[in-house]
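A.B. asks: show me how the following folds:
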Amino acid sequence: MTLPDAPPASLRLRIDTAALADNWRTMDRLSGSATAGAAVKANGYGLGIDFVMPALLGAGARNFFVAHWSEVAGVLAYTAGETIAVLHGVADEQEAAYARATGAVPVINSLPQARLWLQSGGGRCHLMVDSGINRLGVEPGNLGDPVLEKLEIDTLMSHLASADEESAQNARQLAVFREAASRLPAKRLSLGNSAGIMLGEDYHFDLTRPGLALYGGVPRSELAGLIRQVAHVESAVLQLRDLSPGDAVGYNAVWHAERPTRAATLALGYADGILRAWGKAGAVQHEGHGLPIIGKVSMDMIIVDCTGTNLAEGDFCNLSYDLPQASALTGLSQYELLTLLGNRFDRTTQIA
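C.D. replies: Model prediction:
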């Protein structure tokens, strides 16, 4: 059965790829003598790997990080496997075989993973040392194990837990990482993420791994004004109605009109990643007017107060996706705001 072209989407996610490229160049410059890589896991932090990879490659990025082996194919469509690091490492022989077939490089996280990699043939790998986040990585007490000496370590890395804060943990992790680097031969060292880059040159080493800041996130105040917004969310008005005082809106009738109110129903809801945490305070705009959300966010719809505006059915409204502002408004982290974005958006690089 041949289907006609689908009607225009009522949800749009405008991805400013020029801003994305500029953000990478900014993080690369702030990395000093180190080279900036790019975390592109979670489908390019929710924006779409097919949009972010060309922009990052065009900007100059050459080292890419994903979490799952299932993410390799999308990145491999744009770059050689040897430039892709898989942070979860190799859990079994099938993953090791996939690494060899694609050329993607596993990040070894434990002694069992190291043994598995060597038994499957060994070769180039990265090694993660747990310097204090207690998540993934070889524990410092195991760094003397002979199996690690047999690895062909390209990049020795660790991950900062509190780089977005003025925390003593940062210095402690740095000390652990330096000790590990003195014990294990590696071609490159990598510690700083987006926030870690801003801790200074002691945290830069050879390769940095920015993620959030590339996509418009500001994990530390020093980056304010340097990072450009990348994601722009737009939703169409499905229906308009006039409410009388006392009329209730949405599930459980938690909102009632106190005055004659013009209300608009938008094609956007928690199935698209717009959770009920968005609340009322001017999250939606149209032609410079803030439109408070009224009632509960539904799976596929939100309702806004558009009294006094010229909003019409079919018009598109903007949802504030300046990440620091949206995080303050909703209480959601900037990471959550990006990676929650659903698959019903028409993703495009066109910016209005």
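A.B. asks: could you check how far Arg12 is from Met53?
C.D. replies: Distance from Arg12 to Met53, counting by Cβ to Cβ, to the nearest Å: 21 Å. The C-beta positions use only the backbone N, C-alpha and C, and glycine is treated the same way.
A.B. asks: what sits up against stretch 274-294?
C.D. replies: Applying Cβ atoms under 8 Å, 6 or more residues apart in numbering, the external contacts of stretch 274-294 come out as 233, 235, 249-250, 255, 261, 263-264, 266, 268, 270, 296-297, 302-306, 308-311, 315, 317-320, 326, 329-332, 340.
A.B. asks: what's the average pLDDT for stretch 232-247?
C.D. replies: Per-region confidence: stretch 232-247 scores 98 on mean pLDDT.
A.B. asks: buried residues in it?
C.D. replies: For stretch 232-247, the neighbour count (16 or more other Cβ atoms under 10 Å) marks His232, Val233, Glu234, Ser235, Ala236, Val237, Leu238, Leu243 as buried.
A.B. asks: contacting residues for the closest residue in space to Tyr335 that isn't next to it in sequence?
C.D. replies: With Cβ to Cβ, 6 or more residues apart in numbering as the criterion, Tyr335 has its nearest non-adjacent residue at 6.1 Å, and that residue is Leu212. Leu212 is in contact with Tyr45, Asn193, Ser194, Ala195, Pro219, Gln334, Tyr335, Leu338, counting by Cβ under 8 Å, 6+ apart.
A.B. asks: need phi/psi at the fourth one.
C.D. replies: So that's Ala195. When read as degrees, to the nearest 10, the backbone of Ala195 gives phi -70, psi -40.
A.B. asks: count of residues packed around it?
C.D. replies: 24 (other Cβ atoms under 10 Å).
A.B. asks: mind checking how far it is from Gln113?
C.D. replies: According to Cβ to Cβ, Ala195 and Gln113 sit 27 Å apart.
A.B. asks: same deal with Lys296?
C.D. replies: 45 Å.
A.B. asks: and the pLDDT for Ala186?
C.D. replies: Predicted confidence (pLDDT) for Ala186: 97.
A.B. asks: give me the element the residue nearest to it when sequence neighbours are not counted is part of.
C.D. replies: Once flanking residues are discounted, Ala186 sits nearest to Leu156: 3.7 Å by Cβ to Cβ, 6+ apart. Element membership for Leu156 (DSSP states H and E) is strand 152-157.
A.B. asks: domain boundaries for this protein, per the record?
C.D. replies: Per the record, the chain has its domains at 17-215, 231-348, by automatic domain parsing.
A.B. asks: can I get those in TSV with distance to Met1?
C.D. replies: As requested, these are exported to TSV (distance: least, Cβ to Cβ, whole Å):
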stretch	distance to Met1
domain 17-215	26
domain 231-348	22
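A.B. asks: select, out of those, the one closest to Pro8.
C.D. replies: Across the domains of the chain, Pro8 has its closest neighbour in domain 231-348 (7.5 Å, Cβ to Cβ).
A.B. asks: columns distance to Leu151, pLDDT and secondary structure on top of the contacts of Leu212, output as TSV?
C.D. replies: Formatted as TSV, the contacts of Leu212 follow (distance: Cβ to Cβ, whole Å; pLDDT from 0 to 100; DSSP: H, G, I helix; E, B strand; the rest coil):
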residue	distance to Leu151	pLDDT	secondary structure
Tyr45	30	98	helix
Asn193	23	98	coil
Ser194	28	98	helix
Ala195	29	98	helix
Pro219	31	98	coil
Gln334	35	98	helix
Tyr335	31	98	helix
Leu338	34	97	helix
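A.B. asks: got a winner among the residues you listed for most neighbours?
C.D. replies: Highest neighbour count within the contacts of Leu212: Ser194, with 28 neighbours (other Cβ under 10 Å).
A.B. asks: for it, what are its contacts?
C.D. replies: Ser194 makes contact with Met27, Pro210, Gly211, Leu212, Ala213, Leu214, Gly217, Pro219, Arg220, Leu223 under the criterion Cβ under 8 Å, 6+ apart.
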